[in-house]
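K.L.:
sequence first, then the predicted structure:
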Amino acid sequence: QSHINTSPTLKITIMIASSYRFTNKILLNANASSFLKTASSVRHMSAVIHLSDKTAVDKFLAGNSKSVTYLTASWCPPCKMISPIYDQLSKTHSEVAFGKVDVDENPETAAEFQISSVPTFIFHHDQEVYQRFSGADQNQLEDIVVKLKEE
């Protein structure tokens, strides 16, 4: 007969695990303190900032002299393809701020930027549009990020 520990620490660990989609095997092999340290480090790995409304976008642009705003949609296959590449660029180019806007969750920003297709990338330098393009072109994305960084 086995006994399942239902302490408050374990319940918190399970809630955190489900939010990070860890497998049961990892959860069962981890004790609470080491798991919480792992979950904490996972949270901060991506340098992409989710911009949920127009105010967040305005603050993002005002607070960063060089930035890329990635307008996307959860239903968009090309967006799903380019998203991990965008995330990786955000980690390797810390001189540029990387923001992400879901056009269905933030239609006001999509309208302001006159988005007619996704993915669309808008590059800003000192709050002015530096360049923009639509499509999941990895080479173009990388090239413009490098050029913006060197400005």
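P.N.:
In hand now; what should we look at? Quantities reported herein were computed from a predicted structural model and do not represent experimental measurements.
K.L.:
which residues sit against stretch 122-131?
P.N.:
Here stretch 122-131 makes contact (Cβ atoms under 8 Å, 6 or more residues apart in numbering) with 61-62, 64-69, 71, 113, 132, 144-145, 148, 151. Just so you know, the C-beta spots here come from the backbone N, C-alpha and C atoms, and that holds for glycine as well.
K.L.:
quick one: end-to-end length of that stretch, please.
P.N.:
End-to-end distance of stretch 122-131: 6 Å, with Cα to Cα, to the nearest Å as the criterion.
K.L.:
same question for stretch 120-138.
P.N.:
By Cα to Cα, the extent of stretch 120-138 from end to end equals 12 Å.
K.L.:
among the contacts of stretch 122-131, which lie within strands?
P.N.:
Under the assignment DSSP state E, the contacts of stretch 122-131 contribute 66-69, 71, 132 to strands.
K.L.:
using CSV, write out every CA atom in stretch 64-76.
P.N.:
Taking Å, rounded to 0.1, in the frame of the first residue of the first chain, the C-alpha atoms of stretch 64-76 are listed here in CSV:
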residue,chain,number,x,y,z
ASN,A,64,13.7,50.8,-25.7
SER,A,65,15.7,52.7,-28.3
LYS,A,66,16.1,49.6,-30.5
SER,A,67,13.2,47.2,-30.7
VAL,A,68,11.4,44.6,-32.8
THR,A,69,7.7,44.1,-32.4
TYR,A,70,6.5,40.7,-33.7
LEU,A,71,2.8,40.6,-34.6
THR,A,72,1.4,37.1,-34.6
ALA,A,73,-1.7,34.9,-34.2
SER,A,74,-2.1,31.6,-32.4
TRP,A,75,-3.8,30.0,-35.5
CYS,A,76,-1.0,31.1,-38.0
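K.L.:
nothing else from me, thank you.
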